[in-house]
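Student: Show me how the following folds:
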Amino acid sequence: MAESKGRPVAASQRPTGGDKALVTKKQYFRRKKVCRFCVEKVDDINYKNTRQLSNFISERGKITPRRISGICTAHQRRLSEAIKQARNIALLPFAGGMPTE
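Tutor: Predicted coordinates for the structure are as follows:
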């Protein structure tokens with residue numbers, strides 16, 4: 001191609017990724033996640049409401065992160081504190097069940 005007898009190729013002669021840009025991929029429309037607590041105008045997140053808190057815990061017992069749940073920063077902080085309080089007084093489990101084979 002542009003190489004001749006083992007010499008390095010100039011940067012202007014190297015192939016670029018420009019030919020890959022011609023192939024168009026279908027872009028997906030991703031809806032912006034909205035904070036569930038802001039929409040419902042919930043002022044306080046209570047640690048005693050285990051049904052509400054359990055929606056934000058994975059089956060392994062981990063707190064669902066903000067980027068997945070779509071909750072705003074302020075409510076995520078309050079939610080994680082409420083989950084931790086509920087765990088300490090045994091309303092919620094620290095860890096999920098062991099996987100069965």
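
Student: in the protein, which spans are helices?
Tutor: 36-39, 50-53, 66-69, 73-88 (DSSP state H).

Student: Any idea which of these gets closest to residue 10?
Tutor: helix 66-69 (43.3 Å; C-beta to C-beta). Every residue, glycine included, has its C-beta placed from N, CA and C.

Student: Quick one: residues in contact with the closest one.
Tutor: Identification of contacts with helix 66-69 by C-beta atoms under 8 Å, 6 or more residues apart in numbering yields 33, 36, 56, 72, 73, 76.

Student: Neighbours of the third one, how many?
Tutor: Spelled out, it's residue 56. Per other C-beta atoms under 10 Å, the neighbour tally for residue 56 reads 20.

Student: Then the fourth one?
Tutor: Per other C-beta under 10 Å, the neighbour tally for residue 72 reads 14.

Student: same check, this time on the first one
Tutor: Residue 33 sits with 13 neighbouring residues when counted by other C-beta under 10 Å.

Student: Could you measure from the closest residue in space to it that isn't next to it in sequence over to residue 56?
Tutor: What sits nearest to residue 33 in space, not counting adjacent residues and going by C-beta to C-beta, 6 or more residues apart in numbering, is residue 70, at 2.7 Å. Taking C-beta to C-beta, to the nearest Å as the measure, residue 70 falls 11 Å from residue 56.

Student: Return the most buried member of the helices of the chain.
Tutor: Highest mean neighbour count among the helices of the chain (mean count of other C-beta atoms under 10 Å): helix 73-88, with a mean of 16.

Student: hmm, who's touching that one?
Tutor: Helix 73-88 has contacts (C-beta under 8 Å, 6+ apart) with 35, 37-38, 42, 44-48, 50, 53, 56-57, 63, 66, 69, 71, 92-94.
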